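1. Just the structure for this:
(one chain, ligands or ions: 1)
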Amino acid sequence: MPESNKEALQRLDAAHHLHPFTDGRALQQKGTRVIERGEGVYLWDADGNRILDGMAGLWCVNLGYGRQELIDAANAQLQRLPYYNLFFQTTHPPAAELAATLAGLLPGDLQHVFFTGSGSECNDTVVRMVRHFWAEQGSPERQVIISRHNAYHGSTLAGASLGGMKPMHAQGGLPLPDMVHIDQPYHFGEGQGIDPEKFGLERARQLELKILELGPERVAAFIGEPIQGAGGVIIPPASYWPEIQRICKKYDILLVADEVICGFGRTGHWFASEYYGLEPDLLCMAKGMTSGYIPLGAVAVGRRVAETLINGGEFFHGFTYSGHPVACAVAQACIEVMQKEHIVERVRDDIGPYLQQRWASLGDHPLVGETRGLGLLAALELVADKTTLAPFPTDAGAGIICREHCFEQGLVMRAVGDTMIISPPLVISREQVDELIHKARQALDLTLSTLEQPTRKAP
Ligand code: PXG
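-> Numbers count the residues shown, from 1 in each chain. Here you go, the predicted structure:
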């Protein structure tokens, strides 16, 4: 039989392509999944299977695939000015206009933005910016940035160090110096039996203990995702963020909200900081900013930091593609579509509550220990015992089994350990939510029977 197009691609891929976050040998044995095209909330693979993308790519394709407005904006900008930089006292229309548009959407006094090409670059920028800020303020010893275990802040050296992913730290001697971690506000996983609000306060107060241990005069900033995404859609108890904010104010520590996932409507607000009443000094955004069509990120900066940066001499930092004109044009078009179609309000008032109500209905499944969510983010916890909420042994691979069954059903759902998570495009319809829930339930049933087979092999 002649080699199919899919097989040819798999062969080339196996011969030459190193994949991100992938066990290369396992991939080569299994053969890469080839995704060929997308339309709305659906993807098609090389075998012609239609798959509902419950993750919006990697939490980013908020407007779904194939939006003509975004394609046209990229096209027009490619023809007009495909590239110019923002260094050396230069700007171009897409960057200047997008900066102003963002200032109009951002909460609090976040009125300036520094463009990057990704979320990781945002967090590297944050580290350089806050240290530069404190040096300019006459406190160069304020170097330490406090983050959380199981946070995700990207894959560059600073991003991975700020993140709290142990396997990432284990490769290459991370974290970098002066990046330290406190515990996360993960009630289901780490606070069973404790009142959630009490638990939220306890976890927030670890920040104060850490500041006192280090010495407040050494601490530059605290960084956190308002809701942890890659860590498993961890939604903190209501008591958590106000206490973090109080502690940051008390010790004059900059608060950085990493909204790379939460921003641009994911929680039913333009930014989750609004939902939590947070007043961050810096705010990172990327992903949904362009609906993932083209790489772009930005760090928004409040008045105090902006004034210091503007008056602090040259800030020796920037990327060739910071504020790329084509990416800025796509972001502008993306925001305009969101405004015209009232997408954020729809997530807050209509499709978000609908998804959450339907998602909660999965809570009666024998495998499910908890369901939770906000806006169009949701998670469920797979447990070995629904009454005691006892987890599966790690080698049971329940999450991976469930993820594979989802794929067989034509649904992308991610597994973080035994936590199943979704983050579908914000344009998903009620019928498509019903389809997602139906497929998720089928996958849960299949997972249960796989786990009950006495002779089954771990995946
Ligand atoms: N901050 C947060 C909160 C993120 O979720 C980044 C920073 C880094 O962004 P870039 O654009 O450099 O990737 C992220 C990225 C997953 C997954 O498996 C999550 C991300 C990236 C890749 C995989 O959940 N988040």
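2. show me what contacts Val347?
-> Counting by CB atoms under 8 Å, 6 or more residues apart in numbering, Val347 touches Gly265, Arg266, Thr267, Gly268, Gly375, Leu376, Leu426. In this view, the C-beta of every residue, glycine as well, is placed from N, C-alpha and C.
3. quick check, nearest of those residues to Glu404?
-> Leu376 (23.5 Å; CB to CB).
4. quick one: low-confidence ranges for this protein?
-> Applying pLDDT under 70 to the chain flags residues 454-459.
5. what's the distance between the residue of it found nearest the ligand and His317?
-> Residue nearest to the ligand within the chain: Gly119 (2.2 Å; CB to the nearest ligand atom). Gly119 sits 16 Å away from His317, taking CB to CB, to the nearest Å as the criterion.
6. which of these two has more neighbours?
-> Gly119 (27 against 14; other CB atoms under 10 Å).
7. Asp385: neighbour count?
-> Count around Asp385 with other CB under 10 Å applied: 11.
8. For this structure, which residues are neighbours of the ligand?
-> Residues of the chain lying near the ligand by CB under 6 Å from any ligand atom: 58, 118-120, 123, 152-154, 159, 225, 229-230, 258, 260-261, 286.
9. buried subset of those?
-> 118-120, 123, 152-154, 159, 225, 229-230, 258, 260-261, 286 (16 or more other CB atoms under 10 Å).
10. Now the residue nearest to the spatial centre of the chain: closest residue in space, sequence neighbours ignored.
-> Centroid-nearest residue in the chain: Ile261, 3.1 Å away (criterion: CA atoms, centre = their mean). Leaving aside its sequence neighbours, Ile261 sits nearest to Gly229 (CB to CB, 6 or more residues apart in numbering; 3.7 Å).
11. Helices of the stretch 201-350 of the chain, start to end?
-> 240-250, 272-276, 303-311, 325-340, 343-346 (DSSP state H, counting those that start in this stretch).
12. Can you tell me which of these is nearest to Ile71?
-> helix 325-340 (8.7 Å).
13. quick one: the closest one to chain centroid distance?
-> 20 Å (CA atoms, centre = their mean, to the nearest Å).
14. if we can go back for a sec, now the residue nearest to Ile261. Its backbone dihedrals?
-> phi -90, psi -80 (degrees, to the nearest 10).
15. list the contacts for it?
-> Trp59, Tyr152, Val260, Ile261, Cys262, Leu377, Ile421, Ser423.
16. Now the two most distant members of the residues you listed.
-> Longest span within the contacts of Gly229, CB to CB: Val260 and Ile421, 15.4 Å.
17. would you list every one of the strands in the stretch 151-300 of the chain?
-> Applying DSSP state E, counting those that start in this stretch to the stretch 151-300 of the chain gives strands spanning 179-182, 219-224, 254-258, 282-285, 297-301.
18. Tell me the buried residues in the fourth one?
-> Applying a neighbour-count criterion of 16+ other CB under 10 Å, the buried positions in strand 282-285 are Leu282, Leu283, Cys284, Met285.
19. Show me what that strand is packed up against.
-> Secondary-structure packing of strand 282-285 (3 or more CB pairs under 8 Å, 6 or more residues apart in numbering; DSSP states H and E): helix 119-136, strand 254-258, strand 297-301.
20. With the longest one instead?
-> Counting by 3+ CB pairs under 8 Å, 6+ apart, the packing neighbours recorded for strand 219-224 are helix 119-136, strand 144-148, helix 240-250, strand 254-258.
21. Could you say which of the ones you listed is packed most deeply?
-> strand 254-258 (a mean of 27; mean count of other CB atoms under 10 Å).
22. got a list of contacts for it?
-> With CB under 8 Å, 6+ apart as the criterion, strand 254-258 contacts 119, 122-123, 126, 130, 133, 145, 151, 153, 220-226, 244-245, 248, 271-273, 278-284, 305.
23. 6 Å instead, please
-> Here strand 254-258 makes contact (CB atoms under 6 Å, 6 or more residues apart in numbering) with 126, 130, 153, 221-223, 225-226, 248, 273, 278, 280-284.
24. go on, stretch 145-157?
-> With CB under 6 Å, 6+ apart as the test, stretch 145-157 has contacts from 119-120, 123-124, 159, 162-164, 179-184, 210, 220-224, 230-231, 258.
25. tell me how far it is from the chain's mean position?
-> On CA atoms, centre = their mean, the centre of stretch 145-157 falls 12 Å from that of its chain.
26. ok, the buried residues of strand 282-285 vs Ser361, which is closest?
-> Checking the buried residues of strand 282-285 against Ser361 by CB to CB gives Met285 as the nearest, at 32.4 Å.
27. Quick check: the closest residue to the closest one other than its chain neighbours vs Leu162, distance?
-> Nearest residue to Met285, sequence neighbours excluded (CB to CB, 6+ apart): Gly263, at 4.3 Å. Per CB to CB, Gly263 is found 17 Å from Leu162.
28. Pick out whichever of these two has more residues nearby.
-> Leu162 (32 against 28).
29. The more buried one: what's its closest spatial neighbour, skipping adjacent residues?
-> Per CB to CB, 6+ apart, closest to Leu162 is His153, 4.1 Å.
30. if I pick Pro391, what's in contact with it?
-> Pro391 neighbours (CB under 6 Å, 6+ apart): none.
31. Now with 8 Å, please.
-> Val383, Ala384, Asp418.
32. Is the nearest residue to the second one once chain neighbours are set aside in a helix, a strand, or coil?
-> The one in question is Ala384. Distance criterion CB to CB, 6+ apart; nearest residue to Ala384, sequence neighbours excluded, is Phe392 at 4.6 Å. Following DSSP: H, G, I helix; E, B strand; the rest coil, Phe392 is assigned to coil.
33. Phe392 contacts Asp385, correct?
-> No: between Phe392 and Asp385 there is no contact under CB atoms under 8 Å: 9.3 Å.
34. So which bits of stretch 299-311 are buried?
-> Val299, Ala300, Val301, Gly302, Val305, Ala306, Thr308, Leu309.
35. With stretch 184-197 instead?
-> Gln184, Pro185, Tyr186, His187, Phe188, Gly189, Gly191, Pro196.
36. Run through who's touching that stretch.
-> Against stretch 184-197 from outside (CB under 8 Å, 6+ apart): 148-151, 164, 183, 199-200, 202-204, 228, 231-232, 234, 236-240, 369-370, 372, 381, 389.
37. now do 7 Å
-> Residues from elsewhere that reach stretch 184-197 (CB atoms under 7 Å, 6 or more residues apart in numbering): 148-151, 183, 199-200, 203, 228, 231, 234, 236-240, 370, 381, 389.
38. Buried ones among the residues you listed?
-> In the contacts of stretch 184-197, the ones that pass as buried (16+ other CB under 10 Å) are 148, 150-151, 183, 199-200, 203, 228, 231, 234, 236-237, 239-240, 381.
39. farthest pair in those residues?
-> Greatest spacing in those, by CB to CB: Ser239 and Glu381 (21.1 Å).
40. which residues touch the residue of the chain closest to the ligand?
-> Contacts of Gly119 by CB under 7 Å, 6+ apart are Gly154, Val260, Cys284, Ala286, Lys287, Gly297.
41. which residues touch the third one?
-> Applying CB under 7 Å, 6+ apart to Cys284 gives the contacts Gly119, Cys122, Asn123, Val126, Asp258, Glu259, Val260, Gly297, Val299.
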